[in-house]
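# predicted model follows, preceded by the sequence.
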Amino acid sequence: MTASDTIGARLLRRANARPDAVFSVFHARGETETITFGRVLERSLRYTAVYAKYGIKRGDIVVVSLKHSPHLFYGFLGALLAGAIPSFMPFPSSKQNPVHYWRDHGILFDRIEPAAILTYAENAQALAEHLPRFSARTIIASDALFADVTPADAALLDRADADDIACLQHSSGTTSLKKGVMLTHRAIIAAIESYAESIGLTQGDCIASWLPLYHDMGFIACFMTSVVLGTRLAALDPFEWVVRPTSLLDALERNRASFCWLPNFAFSHIVNAARPQAHWDLSGVRAFINCSEPCKPATFERFLNRFSGSGVRPESLHVSYAMAENVFGVTQTALDRPARTMRCDADAFASGRIEPAQPERLWTTHLSCGKPIAGVRVQITDEGGQTLPDGTIGEIRIASDFLFSGYHHLPEITKKRLRNGWYHTGDLGFFLDGELYVTGRLDDMLVLNGRNYYAHEIEAIVNDVPEVLPGRTVALTIDDQRTDSAVAVVLAETRSEPDARTFGKAVRQAVQERLGLALHDVVSLTAGSLVKTTSGKISRSENKALYLSKTP
């Protein structure tokens, strides 16, 4: 890879060589638009010219905050071609608490100081009201914006170098504000090529996705992969998908897509929404890849049971461990066989050891995330940094040929997480037979009565209780002053208003039977009550504060 081999250079070469090749089939609002590589380049170069009129220079940060629209592609790539540093941000929606959205983004914008904000007119007024010091930098995305603009001359572009920062991928957890992950052109291209090799992804493949582009799974595995490798992307509106989950199956069938990445909850969401007699031809999908959340064997079981008649096979269901700090993929299961499942003794697991489950004892199951992809090294370590043997749970640390360059304007956090070339993920897991199993996060662990439980394990059990809205559960610990110890609490959104006593009994019984854990309190909430971060994740800290504020 040369210093001039950048994402923009890849787009220019591909569009000039195959201008009529399809870049994306864009689905939104009941209509479909086919976007060629020639069109995406021409429109992106118009944005490059617009940015030049606004004084955007090489190295300036451009925030792209738009609804599902081809302008997401054009605005982002236009900034890249200008040598600027674009960053996707979620567009405000009615499903988010506006107080939290503007508070968090005010802090974020103060930190990154964007030179321009690309958004729609309907967002400009709120931007001016909540973030007045940035409102003068607003550019309104629309076809009318191009009326008097000639596309920038590609030969005159102030192009970036391969080792320049290409973009900020804003990563966030459940308890912290977003952190701008700095990724170079070289890292993005190398990571995509390595990951593609691990799954046999080629230029002739089609990827179908509803994933938002401000999330690394949608951004890298879908959008950037199409730019770098020339794959075709069938793109759906995330909010339309939530309302009609089987629209993804329609897109997979219609476009003969071969790859699809999904967070764990999405598999269940699709199963629950599919009508009993509905059928799709999904035989062309080589891999549904579970990623982003803790991956559950039971989720794959339900998906396979429902769609085996539509061509889904056990070897079609796979797992990847991925993160923005490594651009995307860290590990990947082999596509020539089903992902492995490990059934562990629950008592040993709670003590940090992996032992096969014994009859008549409590157990937990875990899906393998596969082996590290080429160019990636993974360690499991204890608190002192010592490498642990196979079958022992510890922190996952990674080093790679395409690790991120640090968190933008957050040197202390960068120093804490990125040490001696190793990224300390904060995730927990173990190795077995060369494959990685991810068990949870350090900040996801609940220590109760001297035993370790993972919040996501409790939440997965509660999600299966009738009346609970899938993915709308949070497990917490609070300090019980009567016993001077930590106790577990579950908050769950429900479809209706169940009898509190009956519902609480059902939840307690399910958790007790599976984990041997007695819950201190169970609270049912109406839909939309739980607080989510601006990236769509449920916030443990905010919901804990919500619970404590309403508890005598």
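The structure has been received and is ready for your questions.

# show me the shaky parts of the stretch 451-552 of the chain.
Segments of the stretch 451-552 of the chain classed as low confidence (criterion: pLDDT under 70) are 481, 483-484, 533-536, 552.

# quick one: the strands in it, in order.
451-454, 468-480, 485-494, 521-525 (DSSP state E, counting those that start in this stretch).

# any chance of those strands in JSON lines, plus distance to Gly218?
(Glycine included, C-beta is placed from N, CA and C.) Below are the strands of the stretch 451-552 of the chain laid out as JSON lines (distance: least, CB to CB, whole Å):
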{"stretch": "strand 451-454", "distance to Gly218": "26"}
{"stretch": "strand 468-480", "distance to Gly218": "17"}
{"stretch": "strand 485-494", "distance to Gly218": "24"}
{"stretch": "strand 521-525", "distance to Gly218": "28"}
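
# quick one: these as CSV, columns for mean neighbour count too.
CSV is the format used below for the strands of the stretch 451-552 of the chain (neighbours: other CB atoms under 10 Å):
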stretch, mean neighbour count
strand 451-454, 19
strand 468-480, 19
strand 485-494, 20
strand 521-525, 19
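
# do you know which of those lies nearest Asn326?
Smallest distance to Asn326 across those (CB to CB): 22.3 Å, for strand 451-454.

# mind saving the C-alpha coords of stretch 192-200 as PDB?
Written as PDB, here are the backbone C-alpha positions of stretch 192-200 (Å, rounded to 0.1, in the frame of the first residue of the first chain):
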ATOM      1  CA  ILE A 192     -11.300  -4.200   5.400                       C
ATOM      2  CA  GLU A 193      -9.000  -6.200   3.100                       C
ATOM      3  CA  SER A 194      -8.000  -8.500   6.000                       C
ATOM      4  CA  TYR A 195     -11.600  -9.000   7.200                       C
ATOM      5  CA  ALA A 196     -12.800  -9.600   3.600                       C
ATOM      6  CA  GLU A 197     -10.200 -12.300   3.200                       C
ATOM      7  CA  SER A 198     -11.400 -14.100   6.400                       C
ATOM      8  CA  ILE A 199     -15.000 -14.500   5.000                       C
ATOM      9  CA  GLY A 200     -14.200 -14.700   1.300                       C
END
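
# is it fair to say Glu301 lies in a strand?
No. Secondary structure assignment (DSSP: H, G, I helix; E, B strand; the rest coil) places Glu301 in helix, not in a strand.

# how much space between it and Val312?
12 Å (CB to CB, to the nearest Å).

# and those two? which has more neighbours close in?
Shown here are Glu301 and Val312; by other CB atoms under 10 Å, Val312 has more neighbours (21 against 13).

# ok, the more buried one touching Val285?
Yes. Using CB atoms under 8 Å, Val312 is in contact with Val285, at 7.2 Å.

# shared neighbours of the two, anything?
Common contacts of Val312 and Val285 (CB atoms under 8 Å, 6 or more residues apart in numbering): none found.

# and the gap between Val62 and Ser268?
Val62 sits 36 Å away from Ser268, going by CB to CB.

# so those two - more neighbours on which side?
Between Val62 and Ser268, counted using other CB under 10 Å, the more crowded position is Val62 (27 against 21).

# okay, now the domains of this structure?
The record's domain parsing of the chain by automatic domain parsing lists 7-262, 449-549.

# of those domains, which shows the lowest average pLDDT?
In terms of average pLDDT, domain 449-549 trails the rest of the domains of the chain, at a mean of 84.

# which residues of the stretch 151-300 of the chain fall in strands?
Under DSSP E, counting those that start in this stretch, the stretch 151-300 of the chain gives strands at 165-171, 179-184, 206-209, 232-235, 259-262, 287-290.

# can you get me a residue count around His130?
Around His130 there are 18 other residues, counting by other CB under 10 Å.

# for it, list the residues it contacts.
By CB under 8 Å, 6+ apart, His130 lies in contact with Trp102, His105, Gly106.

# give me the buried subset of these.
Trp102, His105 (16 or more other CB atoms under 10 Å).

# of the contacts of His130, closest to His215?
His105 (16.2 Å).

# could you list the buried residues of the helix or strand hosting that closest one?
Taking DSSP states H and E as the criterion, His105 maps to helix 98-112. For helix 98-112, the neighbour count (16+ other CB under 10 Å) marks Tyr101, Trp102, Asp104, His105, Leu108, Phe109, Ile112 as buried.

# distance to Leu127 added to those residues, as CSV?
Formatted as CSV, those follow (distance: CB to CB, whole Å):
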residue, distance to Leu127
Tyr101, 11
Trp102, 9
Asp104, 14
His105, 9
Leu108, 13
Phe109, 9
Ile112, 15
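
# may I have stretch 129-147 exported as PDB, CA atoms only?
What follows is stretch 129-147, C-alpha atoms only, in PDB (Å, rounded to 0.1, in the frame of the first residue of the first chain):
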ATOM      1  CA  GLU A 129     -31.200  27.000  19.800                       C
ATOM      2  CA  HIS A 130     -29.200  24.400  21.700                       C
ATOM      3  CA  LEU A 131     -25.700  24.900  20.200                       C
ATOM      4  CA  PRO A 132     -25.700  28.500  19.100                       C
ATOM      5  CA  ARG A 133     -21.900  28.800  18.800                       C
ATOM      6  CA  PHE A 134     -21.900  26.100  16.100                       C
ATOM      7  CA  SER A 135     -25.000  27.200  14.100                       C
ATOM      8  CA  ALA A 136     -23.100  29.500  11.800                       C
ATOM      9  CA  ARG A 137     -21.200  26.500  10.500                       C
ATOM     10  CA  THR A 138     -24.400  24.700   9.400                       C
ATOM     11  CA  ILE A 139     -24.600  23.500   5.800                       C
ATOM     12  CA  ILE A 140     -28.100  22.400   4.700                       C
ATOM     13  CA  ALA A 141     -28.000  19.200   2.600                       C
ATOM     14  CA  SER A 142     -30.300  19.100  -0.400                       C
ATOM     15  CA  ASP A 143     -30.200  18.700  -4.200                       C
ATOM     16  CA  ALA A 144     -30.800  22.500  -4.400                       C
ATOM     17  CA  LEU A 145     -27.500  23.000  -2.700                       C
ATOM     18  CA  PHE A 146     -25.800  21.900  -5.900                       C
ATOM     19  CA  ALA A 147     -27.800  24.200  -8.200                       C
END
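
# how about that stretch: buried residues?
His130, Leu131, Phe134, Arg137, Thr138, Ile139, Ala141, Leu145, Phe146.

# same thing with stretch 340-355?
Arg340, Met342, Cys344, Asp345, Ala346, Ala348, Phe349, Ala350, Gly352, Ile354.

# just the helices in the stretch 51-200 of the chain please.
71-81, 98-112, 121-130, 132-135, 185-199 (DSSP state H, counting those that start in this stretch).

# what would these look like in TSV with distance to Leu410?
What follows is the helices of the stretch 51-200 of the chain, written out as TSV (distance: least, CB to CB, whole Å):
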stretch	distance to Leu410
helix 71-81	22
helix 98-112	8
helix 121-130	23
helix 132-135	19
helix 185-199	18
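
# out of those helices, which is closest to Thr246?
Among the helices of the stretch 51-200 of the chain, helix 71-81 comes nearest to Thr246, with 23.6 Å by CB to CB.

# quick one: that closest one to chain centroid distance?
21 Å (CA atoms, centre = their mean, to the nearest Å).

# which elements pack onto that helix?
Applying 3 or more CB pairs under 8 Å, 6 or more residues apart in numbering; DSSP states H and E, we find helix 71-81 packed against helix 7-17, helix 37-53, strand 61-64, strand 85-88, strand 165-171.

# would TSV of those with distance to Leu183 be doable?
As requested, these are exported to TSV (distance: least, CB to CB, whole Å):
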stretch	distance to Leu183
helix 7-17	10
helix 37-53	19
strand 61-64	13
strand 85-88	10
strand 165-171	6
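
# tell me the most buried of these?
Of all the helices and strands packed on helix 71-81, strand 61-64 has the most neighbours on average by mean count of other CB atoms under 10 Å, namely a mean of 26.

# how far is it from where the chain is centred?
Distance, stretch centre to chain centre, for strand 61-64: 20 Å (CA atoms, centre = their mean).
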